[in-house]
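> Got a predicted structure here, sequence first:
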2 protein chains.
Amino acid sequence: MINDETELIKKFPVEHLVLGIGDVAAATGVSQSQLRYWERKGYIQSRVVAGRKNRKFSYKTLLKVQQIKTLQDEGLTLVAAVKQSQQRDAVFDTLRSFVDGRFAQIQMDDEDHIQINMGPFDPDPTQDLVAERIAGKWQFKLIPTAK
Amino acid sequence: MINDETELIKKFPVEHLVLGIGDVAAATGVSQSQLRYWERKGYIQSRVVAGRKNRKFSYKTLLKVQQIKTLQDEGLTLVAAVKQSQQRDAVFDTLRSFVDGRFAQIQMDDEDHIQINMGPFDPDPTQDLVAERIAGKWQFKLIPTAK
DNA sequence: CGTGTAAGGAATTCTGACACG
DNA sequence: CGTGTAAGGAATTCTGACACG
């Protein structure tokens, strides 16, 4: 079960996740006509999913939409917002990559005692780095590497 | 910009994210009639979003659907799968909580040098724990706490 | 129990045009 | 440029019934 949980979070279902335009609009606060316009201009993309006729957006696109909107709200023009947002696409991949690469095991003994083992602590590889949540606060500790 | 990125990932838009039944079915491989049946039996829930008339599922529900399906595929009956899946609801919250509590700063200098600062390293609070990706591999290191 | 299907109606999304600016 | 709206048609989802088992 513990391994299943770790697997589950690594397989975070976003790759196959596509959303309708109405759901993207509701989640981001960007109107459907805006989304269609942005797509027409090439700022965002929608996939055509096999067998579906309507527009579908990926989760990554949703993130991008939200970024653009935030930048727009800060006063940038659409073009400027789009340009800035491009640098940030990598954020999501970064988190994925970190979770994939380092979350060796997630252990949930009970509600109040949860641990994430992140494997060998590089400055001292004889120890494992563990994140531990106690009473709602996350702390790090080192434990001897399991043989 | 660095702070914006950190904020962005913390605001990972899943709270306000709702998906149509077709998208949940496509993402999980569970048919629409299954989803409606599961809902009727109370195993999963769908929200009625203000102003929308169709069924909408939260991202957490999607995770649950995927868990149930996985367990079913392993040979469990629907009821047994539902029961087992209940213990696992916390996984997602765990990741969120960890990211919220510990990702102090995400820094992306360039494609090949990315760092996540996780704040004071509890065994030695004069140092910050930093996860660093070099050439695709994540490693931990300690740096003096920024004053 | 657990899932599928045909049926008719309701809600959602589509495109192209036009408005405002 | 960037967004909204009215319009008519197309695709999606709805419920309740019935089938299979």
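Happy to help now that I have it.

> domains of chain A?
A:13-95, A:104-144 (automatic domain parsing).

> now those domains in CSV, with mean neighbour count?
The way it works is simple: take the backbone N, C-alpha and C, and place the C-beta from them, glycine included. Rendered in CSV, the data for the domains of chain A read as follows (neighbours: other C-beta atoms under 10 Å in any protein chain shown):
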stretch, mean neighbour count
domain A:13-95, 17
domain A:104-144, 16
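
> Turn these into CSV, including distance to B:S58 and mean pLDDT.
Formatted as CSV, those follow (distance: least, C-beta to C-beta, whole Å; pLDDT from 0 to 100):
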stretch, distance to B:S58, mean pLDDT
domain A:13-95, 11, 89
domain A:104-144, 21, 87
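
> Out of those, the one nearest DNA strand D is which?
Proximity to DNA strand D (C-beta to the nearest atom of the strand) singles out domain A:13-95 among these, at 3.3 Å.

> does DNA strand D sit close to the closest one?
Yes: Domain A:13-95 is in contact with DNA strand D by C-beta under 7 Å from any atom of the strand, via A:20, A:31, A:33-34, A:37-38, A:41, A:51-54, A:72, A:77-79.

> so how far is stretch A:73-86 from its chain's centroid?
Distance of stretch A:73-86 from its chain centroid, counting by C-alpha atoms, centre = their mean, to the nearest Å, is 21 Å.

> same question, stretch A:104-115
21 Å.

> Kindly report the same for stretch A:120-129.
Offset of stretch A:120-129 from its chain centre (C-alpha atoms, centre = their mean): 27 Å.

> As TSV, the domains of chain A with distance to DNA strand C would be great.
Below are these laid out as TSV (distance: least, C-beta to the nearest atom of the strand, whole Å):
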stretch	distance to DNA strand C
domain A:13-95	2
domain A:104-144	26
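
> so which strand or helix has the most centrally placed residue in chain A?
Closest to where the C-alpha atoms of chain A average out (C-alpha atoms, centre = their mean) is A:F92, at 4.6 Å. Using DSSP states H and E, the secondary-structure element containing A:F92 is helix A:90-102.

> mind listing what A:E132 touches?
A:H113, A:I114, A:Q115, A:I116, A:W138, A:Q139, A:F140, A:K141 (C-beta atoms under 8 Å, 6 or more residues apart in numbering or on different chains).

> Show me what secondary structure element comes after the lengthiest strand in chain A.
Longest strand of chain A, by residue count under DSSP state E: strand A:124-134. Later in the chain than strand A:124-134, the nearest helix or strand by DSSP H and E is strand A:137-144.
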